[in-house]
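Novice: sequence and predicted model, in that order:
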Amino acid sequence: MLRSLRAERRKARRRHDLLACLLIPVTVLVWVGYSAPDGASDRSIAYHALFYTLPVINTVLLPIGMAMLASRLWDVEVKGNFPKLLYTLQSRRSLFTAKALLGTAEVFLIVLLELIGVLLLGQYNGYLDSPSLLQILYWFVCTCVVSLMLFFSELLLTILLKNPLPALCVGITGSLVGLFSAFMPPVVSYFVPWSYCIPLGTYELVDWNPDTDIVVYGIRDFNIPLLIWCIALALFFFVCTWYAIREKEV
């Protein structure tokens, strides 16, 4: 098992996975930083605005980012029908376990860097409405679970179709559908897995006066049933990915 993990780590180094993992949080921070409140009157609700915007941004970026990550994780195995050689050198279980652990670690790194970047941005700009530790933890867990669900669904597609392009197309389509659902009634997002970051968000828009441009945000209750459903979906795709690798003909 340790040998398989070392092999996957060497592959990741040659694929420059670290740069790919940095791409998503950096894009989020550039997007958020460009639109972040900086006026003195806005600092009392600035974190509210950031954490209200983050789920929408993640709905756009995560489906594409997870598809890219999954396709890169399986790219060597796609080229030249390489599993024929791999399965003679290691068991299918060790191959899947190593890839699942590496992919999960990369997902956690992406979400952690995004969270640290947003909190540092708020500290740099002097935001006054710091979210509670429980809200930060809830956001982190929800974003990780949604990301893992998307990652394993895209990895499953890559393995089944023997081509990373369909998974990337599904990721792009999911990003557009998820963004569209953000402007629909809230119940719509429950039927669009790509947009689960939105109903799992910690803040909501309570009121906006277009004449005075005054915005009022509210704190949402934790959506535990949806979080449990998302965990179940992530485990479902995880198990299906294992079966796809175990039953894969070479």
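Specialist: Okay, I see it.

Novice: from I245, how far out is the residue nearest the centre of the chain?
Specialist: The C-alpha lying nearest the average C-alpha coordinate of the chain belongs to S147 (C-alpha atoms, centre = their mean; 3.0 Å). As judged by C-beta to C-beta, to the nearest Å, S147 and I245 stand 21 Å apart. (C-beta placed from N, C-alpha, C; glycine too.)

Novice: ok, now F236?
Specialist: In this view, F236 and I245 are 15 Å apart by C-beta to C-beta.

Novice: the two: which is more packed in?
Specialist: I245 (22 against 14; other C-beta atoms under 10 Å).

Novice: what's the closest non-adjacent residue to the more buried one?
Specialist: Using C-beta to C-beta, 6 or more residues apart in numbering and skipping the chain neighbours, the partner closest in space to I245 is F96 (4.7 Å).

Novice: next, the contact list for A167, please.
Specialist: 67, 70-71, 154-155, 157-158, 161 (C-beta atoms under 8 Å, 6 or more residues apart in numbering).

Novice: please export the C-alpha coordinates of stretch 163-176 as CSV.
Specialist: What follows is stretch 163-176, C-alpha atoms only, in CSV (Å, rounded to 0.1, in the frame of the first residue of the first chain):
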residue,chain,number,x,y,z
ASN,A,163,-11.5,9.1,-22.0
PRO,A,164,-11.2,12.2,-19.9
LEU,A,165,-13.0,14.4,-22.4
PRO,A,166,-16.6,13.3,-21.5
ALA,A,167,-15.9,14.0,-17.8
LEU,A,168,-14.7,17.5,-18.6
CYS,A,169,-17.7,18.1,-20.7
VAL,A,170,-20.0,16.9,-17.9
GLY,A,171,-18.1,19.2,-15.5
ILE,A,172,-18.6,22.2,-17.8
THR,A,173,-22.2,21.4,-18.3
GLY,A,174,-22.7,20.9,-14.5
SER,A,175,-21.1,24.3,-13.9
LEU,A,176,-23.6,26.0,-16.3
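
Novice: buried stuff in it?
Specialist: Using 16 or more other C-beta atoms under 10 Å as the test for burial, stretch 163-176 gives 164, 166-168, 170-171, 174-175.
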